[in-house]
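> here is my input; please provide its structure:
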Amino acid sequence: MSQLSVNHLLGIKYLNKNDIDLIFETADHFKEVINRPIKKVPSLRDITIANIFFENSTRTKLSFELAQKRLSADVISFSAAQSSVKKGETLIDTVNNILSMKVDMVVMRHANPGAAYFLSKNVKASIVNAGDGAHEHPTQALLDSFSIREKLGEVAGKKVVIVGDILHSRVALSNIYALQMQGAEIRVCGPKTLIPKHIESLGVKVEPSLRKALEWCDVANMLRVQNERMDVNYFPSTREYAMQYGLDKKLLDSLNKEILIMHPGPINRGVEITSDVADSTSSIILDQVENGVAIRMAVIYLLASKIQ
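The predicted structure is shown next:
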């Protein structure tokens with residue numbers, strides 16, 4: 001059986017094209033499994049996985065838990081809000097205490113960039129990064145690419161625009177790495193204050209006009225404005241942001257072609273996209289969520305097969 005080149009999923013930048021292809025092929029198989037009447041496979045019967053979330057999550061947490069249960073793994077979930085972290089326990093202590101209960105894999109989301117990498121160097125377990133601050137969110141980028149591949153046949157040669165708060169977005173960075181590795185062309189679009197200063201060094205073009213960006217692209221990935229990461233005002237008002245960078249049905253219908261609309265969730269309806277766009281036939285937002293379970297099953301299965 002083919003194997004991943006890594007023992008942890010810390011970020012897309014640590015993967016290669018073969019890894020992504022292997023994850024997608026495995027996810028194809030699992031997608032077929034989760035659409036059967038009996039959705040469970042006994043693949044990871046003796047594996048114990050801890051989900052440790054130091055930041056809020058709905059889709060990612062549920063998706064990981066469901067993926068683990070579909071693979072018959074034993075799952076423990078931990079939310080930092082109700083834990084001893086509030087009493088001042090360090091990250092390594094928290095995780096080592098969990099590992100001493102004989103856990104094989106840790107899925108972690110943390111507010112600090114590099115937290116998952118730090119953990120992989122300091123504890124004996126397989127680590128999956130479920131988002132580290134504004135750094136990376138590898139499983140989201142994989143499910144986004146997988147959804148594009150499913151709808152458009154392949155990712156290579158496709159034009160993808162990422163719109164919105166690029167500066168604070170871990171989804172944007174992971175997507176840029178993943179899409180480039182598969183040969184897609186990428187542009188970013190958003191208020192100048194929310195575009196990182198040196199983003200062009202990643203081989204990405206900046207397009208200030210939303211209309212031009214949409215006329216150019218095959219796929220638009222609309223990001224949420226991350227108010228919880230903002231310490232100052234990056235734009236005058238939400239209303240002004242929505243007028244310049246929000247996608248409504250009128251703008252979508254005025255394009256002379258069909259494009260795919262994606263969103264990592266949670267959606268702020270009426271800000272980055274209106275309800276009639278989110279619920280339109282162009283939108284593959286709920287397909288992304290469904291594919292998320294298959295992708296996470298694939299990642300967990302492939303990493304678990306490397307545990308000695």
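
> Phe235 reaches Gly190, doesn't it?
No. Phe235 lies out of contact with Gly190 (CB atoms under 8 Å); the separation is 9.3 Å. Backbone N, C-alpha and C define where each C-beta goes, glycine included.

> of those two, who's got more company?
Higher neighbour count among Phe235 and Gly190: Gly190, with 28 against 18, using other CB atoms under 10 Å.

> now that one: how far from Met222?
Using CB to CB, to the nearest Å, we find Gly190 at a distance of 10 Å from Met222.

> now swap in Ile295 and tell me
20 Å.

> so those two - more neighbours on which side?
For the pair Ile295 and Met222, the greater number of neighbours falls to Ile295 (29 against 26), based on other CB under 10 Å.

> who's in contact with the nearest residue to the more buried one once chain neighbours are set aside?
Once flanking residues are discounted, Ile295 sits nearest to Leu143: 4.4 Å by CB to CB, 6 or more residues apart in numbering. Taking CB atoms under 8 Å, 6 or more residues apart in numbering, we find Leu143 in contact with Gln288, Asn291, Gly292, Ala294, Ile295, Arg296.

> again with Ala156
Ala156 makes contact with Gln182, Gly183, Ala184 under the criterion CB under 8 Å, 6+ apart.

> check His110 too.
Phe54, Glu55, Leu91, Ala116, Gly131, Asp132, Gly133.

> in a strand, the residue nearest to Ile295, correct?
No. Secondary structure of Leu143 (DSSP: H, G, I helix; E, B strand; the rest coil): helix, not part of a strand.

> ok, it to Lys13 distance?
According to CB to CB, Leu143 stands 17 Å off from Lys13.

> counting by contacts, list what the helix or strand harbouring Leu251 packs against.
Applying DSSP states H and E as the criterion places Leu251 in helix 249-254. On a contact count with 3 or more CB pairs under 8 Å, 6 or more residues apart in numbering; DSSP states H and E, helix 249-254 meets helix 210-216, helix 275-278.

> and the helices in the protein, which stretches?
17-34, 59-70, 91-99, 115-122, 138-152, 170-181, 210-216, 238-245, 249-254, 275-278, 285-304 (DSSP state H).

> which of those helices has the lowest average pLDDT?
Mean pLDDT is lowest for helix 91-99 among the helices of the chain, at a mean of 86.

> buried ones in that helix, by neighbour count?
Of all the residues in helix 91-99, those buried under the rule 16 or more other CB atoms under 10 Å are Leu91, Thr94, Val95, Ile98, Leu99.

> stretch 247-258 now?
In stretch 247-258, counting by 16+ other CB under 10 Å, buried: Leu247, Asp248, Leu252.

> still on that earlier bit, nearest to Glu215, of the contacts of His110?
Proximity of the contacts of His110 to Glu215 (CB to CB) peaks at Gly131, which lies at 31.7 Å.

> nearest spatial neighbour of Pro191, skipping sequence neighbours?
Pro191's closest residue in space is Phe235 (CB to CB, 6+ apart), at 5.0 Å.

> quick one, what contacts the one you found?
By CB under 8 Å, 6+ apart, the neighbours of Phe235 are Pro191, Thr193, Leu194, Tyr241.

> now the terminal residues of stretch 257-274, how far apart.
Across stretch 257-274, the terminal residues are separated by 19 Å (CA to CA, to the nearest Å).

> how about that stretch: buried residues?
Buried, per 16+ other CB under 10 Å, within stretch 257-274: 259-265, 267-268, 271-274.

> let me see the mean pLDDT of it.
Stretch 257-274 comes out at a mean pLDDT of 96.

> show me this structure divided up by domain.
Following automatic domain parsing, the chain resolves into domains at 12-136+289-304, 138-288.

> which of the contacts of Phe235 lies closest to Asp19?
Leu194 (30.4 Å).

> close enough to count as contact, that closest one and Ile162?
No. With contact defined as CB under 8 Å, Leu194 does not reach Ile162; the gap is 11.3 Å.

> between these two, which one's more packed in?
Higher neighbour count among Leu194 and Ile162: Ile162, with 28 against 21, using other CB under 10 Å.

> ok, the nearest residue to Ile76 once chain neighbours are set aside - contacts?
Of all residues not flanking Ile76 in the chain, Ala50 sits nearest, at 5.0 Å (CB to CB, 6+ apart). Applying CB under 8 Å, 6+ apart, we find Ala50 in contact with Val75, Ile76, Ser77, Phe78, Ile98, Leu99, Val103, Met105, Val106, Val107.

> where's the second one relative to Asp19, distance?
Distance check for Ile76 against Asp19: by CB to CB, it reads 27 Å.

> cool, Gln182 as well?
11 Å.

> do Ser100 as well
31 Å.

> do Lys86 as well
37 Å.

> who's more crowded, the two?
Set Lys86 next to Asp19 and count neighbours by other CB under 10 Å: Asp19 wins out with 21 against 9.
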